[in-house]
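*Asks:* Give me coordinates for this.
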Amino acid sequence: MEPFRLVSQAKNEPPALHDRAMDNLRYIRETMERATAFTGISGRGEMAIGVTALLASVAAARQATFNAWLAVWLAEGLISLLIAGWSMDRKARAVQMPLVSGPGRKAVFSLSPPIIAGGLLTIVLVRAGLTSAIPGVWLLLYGTGVITGGMFSVRAVPAMGLCFMSLGAVALFSPPAFANWFMAAGFGGLHLLFGAIIVRKYGG
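*Replies:* Residues are numbered from 1 along each chain as shown. Next comes the predicted model:
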């Protein structure tokens, strides 16, 4: 028989102190991002959207057909998305906070479904000849998205969403002649008002 041999197990070397510290810092940062509100919404960007919306309302009011009116507001919607994305990215860079952080990602994903639903409903309403309902539907759905996305932002954002929903509800039951006024009041006036609040209270 061969003699017994004591074999010592190789000890696993503990991770370096630097690696453990980095892991702890990463965990703390991710936890704070999940727990804190997303403040990357730019008040100045919201105000710029309000200005372009007011200009769009003036241009839309001069159109002779509904299709031309709709085209003006669709173009304004695209311009607004570009302004919002650029201004949020700029503010996020200024505070050294990634735009695609946990709360920021949640805010964007919360706003996206109502916007997509609004686009699909617009097609349905145009085909059904119910074009007078489009401004109210747009305001309602945009307000819904702002409220849900605003749960991860400062308090002024969900308050703005509630105002959009209220305006949309009134627009649905108002004469079609006032449609452009509601669009101007919502996408123009409310963006200017709450954008100014964000600039004053939440730093730009």
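
*Asks:* make it CA atoms for all contacts and neighbour counts henceforth
*Replies:* Noted.

*Asks:* backbone phi and psi for residue 63, please?
*Replies:* Here is the backbone geometry of residue 63 (degrees, to the nearest 10): phi -80, psi 140.

*Asks:* so who does it touch?
*Replies:* Residues in contact with residue 63, defined by CA atoms under 8 Å, 6 or more residues apart in numbering, are residue 69.

*Asks:* pLDDT score for it?
*Replies:* With respect to pLDDT, residue 63 scores 94.

*Asks:* same deal with residue 4?
*Replies:* At residue 4, the pLDDT value in this model is 51.

*Asks:* 33 is where my numbering starts, stick with that
*Replies:* Happy to do that; since the first residue is 33 now, the last one works out to residue 36.

*Asks:* could you point out which element follows the helix or strand of the chain with the lowest mean pLDDT?
*Replies:* Least confident element among the helices and strands of the chain, by mean pLDDT, DSSP states H and E: helix 49-67 (a mean of 58). Of the helices and strands lying after helix 49-67 in sequence (DSSP states H and E), the nearest is helix 75-93.

*Asks:* Packing partners of that next one?
*Replies:* Judged by 3 or more CA pairs under 8 Å, 6 or more residues apart in numbering; DSSP states H and E, the packing partners of helix 75-93 are helix 98-126, helix 211-215, helix 223-234.

*Asks:* 6 Å - rerun?
*Replies:* Contact partners of helix 75-93 among helices and strands, from 3 or more CA pairs under 6 Å, 6 or more residues apart in numbering; DSSP states H and E: helix 98-126, helix 223-234.

*Asks:* Before I go, just wanted to say thanks for your time.
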